[in-house]
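> Sequence and predicted structure below; questions after.
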Amino acid sequence: MYIVTHLFVFVTLPFAILISYIDKERIPTLKQWFVKSLFAIVGKEMKVSGYDNVNPDHAYVIVSNYPGFYAGFSLIGVFPRACVIAHAFVKRVPLLGQILSRVGTIFVQPGRAGHGRRAIDLHLSECDAAPSVIILPEGVRTPDGRIHQFRLGFVHILRQTSLDLLPVTLNGLYHLKPMRRFYIDPDAEPEIVIHTPVSNATVRQMSDEELLTMVQNIIGSVYRP
């Protein structure tokens, strides 16, 4: 099934690129259809709790753990109008990099001093109004099911914008498809838990270290691999 989902991604990408040029307003609907179809292939339905914490007319910095291959897709399905911060190597993947660029993905290169911040600042400066941004601050999928130390990228976005913080916990995706396994666990129970937002005003009163600790504790409070 893991291979089938890869094939599905690359079969649908040319159509996604075409639609993005013809009618950009349909992109959020396309994202939701794509994610729903992806999980249908593996016989799973993503459970979402806490959606009443989200104001649909409000933009957020959406911060989540990174438990497995389907983490980004899961978040895109729930927040289809949000931009995603992704590793720069994804931009070089044929078709995938092109469509992600079309839908406003911010590509960053971890490890290069200041590169990620410049990419984020450039993207935000080109927007009339800052959209919601999805970021997985661990940077890479967890190798052991634990939540690892968060990086400061999301803190920088919060400092540079007036966006509120929206912590999100992804459950069950490590068991579904961890980094070093090539098959999908049929007993996994994927779930998204959306926590109460934290206002930008509150964020600005906290130090970077306090903010990192708070967000990691919130996300980890209900986490299960």
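Received, thanks.
> show me what contacts residue 51?
In this structure, residue 51 makes contact with 78, 194, judged by C-beta atoms under 8 Å, 6 or more residues apart in numbering. Any C-beta I mention is one placed from the backbone N, CA and C, and that applies to glycine too.
> same thing with residue 67?
Contacts for residue 67 (C-beta under 8 Å, 6+ apart) come out as 141, 142, 145, 170, 171, 172, 173, 174, 178, 225.
> Over to residue 149?
Contacts for residue 149 (C-beta under 8 Å, 6+ apart) come out as 138, 216.
> Let's see the pLDDT reported for it.
Confidence at residue 149, expressed as pLDDT, is 95.
> phi, psi of it?
Dihedral pair for residue 149: phi -50, psi 130, per degrees, to the nearest 10.
> And the strand ranked longest in the chain, what does it pack against?
Ordering each strand of the chain by length in residues (DSSP state E) puts strand 164-171 first. Contact partners of strand 164-171 among helices and strands, from 3 or more C-beta pairs under 8 Å, 6 or more residues apart in numbering; DSSP states H and E: strand 60-64, helix 71-78, strand 191-194, helix 200-204, helix 208-220.
> Mean neighbour count, these: which tops it?
The highest average neighbour count among the helices and strands packed on strand 164-171, using mean count of other C-beta atoms under 10 Å, belongs to strand 60-64 at a mean of 26.
> quick check: angle from that one to strand 164-171?
Per axes from the mean of the first three to the mean of the last three C-alpha atoms, to 10 degrees, the angle that strand 60-64 makes with strand 164-171 is 30 degrees.
> and strand 60-64, how far out from the chain's middle?
Computed by C-alpha atoms, centre = their mean, to the nearest Å, the chain-centroid distance of strand 60-64 equals 8 Å.
> try stretch 39-48
On C-alpha atoms, centre = their mean, the centre of stretch 39-48 falls 17 Å from that of its chain.
> Quick one: end-to-end distance for that stretch.
With C-alpha to C-alpha, to the nearest Å as the measure, stretch 39-48 spans 14 Å from end to end.
> Good, we can wrap up now.
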